[in-house]
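Chemist: kindly return the folded structure for what I paste below:
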Amino acid sequence: MKRLAAVLIATPLLLTGCVVPYGGATPSATSSPPPAGAKIYSKLDEPGIKDIKASKFVLLDMEKGRLTKESVGLEDGSSQAPDVHTDKPIEIIIEAPYTAITARSDRIRLNGMNSGPDFSEVTYFLTAKSLDELSTLIREGVDRYGIPSDPAEGWIRDVSAKPDQKSDFAITPGTSTGVQVTYDLRYDGSKDTQVIIVHVNPL
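Modeler: Reported below is the predicted structural model:
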């Protein structure tokens with residue numbers, strides 16, 4: 001009777017074709033799409049860089065005050081320095097702990113030349129066609145990122161008094177976003193384009 005009961009119990013399973021693996025059901029191999037409205041951060045592996053160039057947009061996650069290599073699709077601990085250079089400016093958003101850092105630039109690079117899990121720095125470049133335009137960009141950095149006003153205005157006054165000069169000057173970093181933002185000014189009055197190298201570092 002016991003053998004007959006076992007056969008009867010097994011028969012429905014065979015008829016329905018159900019096979020329950022040891023340890024429970026096997027999860028589906030198809031990954032679920034991200035929820036509607038979920039943030040999709042940019043990847044900086046080779047396919048990811050192609051996507052950035054096509055979309056003209058990059059979004060990086062520094063909400064915890066650091067940027068991990070894994071968060072951009074690179075191996076944890078790998079020594080890499082991704083460099084994205086485009087023919088036209090792209091939109092850059094770096095989400096920091098308090099407020100986002102935003103810009104338009106034709107180049108962004110990350111310094112990950114170390115064996116740790118994090119990038120030590122994100123760098124992008126701002127350009128201006130005149131001293132007035134450059135001064136406006138500097139003052140925007142003061143307002144948005146907490147860059148100290150006194151050294152910024154002092155530099156603007158000095159260069160405005162002698163606009164034909166050359167000047168390389170890194171303003172004291174601002175930290176109001178929850179990360180460190182440094183405006184590294186590269187001014188040459190003999191040239192048509194002036195440059196600010198923006199360095200974003202963990203505190």
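Chemist: would you map the helices across this protein?
Modeler: Secondary structure of the chain, counting by DSSP state H: helices at 2-16, 46-55, 131-145, 149-161.
Chemist: how close does the residue nearest to residue 128 when sequence neighbours are not counted sit to residue 177?
Modeler: Among residues not flanking residue 128 along the chain, residue 134 sits closest, at 3.9 Å (Cβ to Cβ, 6 or more residues apart in numbering). (C-beta placed from N, C-alpha, C; glycine too.) Distance, residue 134 to residue 177, using Cβ to Cβ, to the nearest Å: 21 Å.
Chemist: sorry, back to before: kindly reformat the helices of the chain as CSV containing mean pLDDT.
Modeler: Below are the helices of the chain laid out as CSV (pLDDT from 0 to 100):
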stretch, mean pLDDT
helix 2-16, 42
helix 46-55, 96
helix 131-145, 98
helix 149-161, 98
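Chemist: ok, the residue nearest the centre of the chain - contacts?
Modeler: In the chain, the centroid-proximal residue (Cα atoms, centre = their mean) is residue 60; its distance is 2.5 Å. Taking Cβ atoms under 8 Å, 6 or more residues apart in numbering, we find residue 60 in contact with 41-42, 67, 71-72, 92-95, 122.
Chemist: please report which of the residues you listed has the highest neighbour count.
Modeler: residue 67 (29 neighbours; other Cβ atoms under 10 Å).
Chemist: OK, contacts around the residue nearest to that residue when sequence neighbours are not counted?
Modeler: In space, and not counting its chain neighbours, residue 67 is closest to residue 119: 4.7 Å by Cβ to Cβ, 6+ apart. For residue 119, the contact set (Cβ under 8 Å, 6+ apart) comprises 66-69, 110-112.
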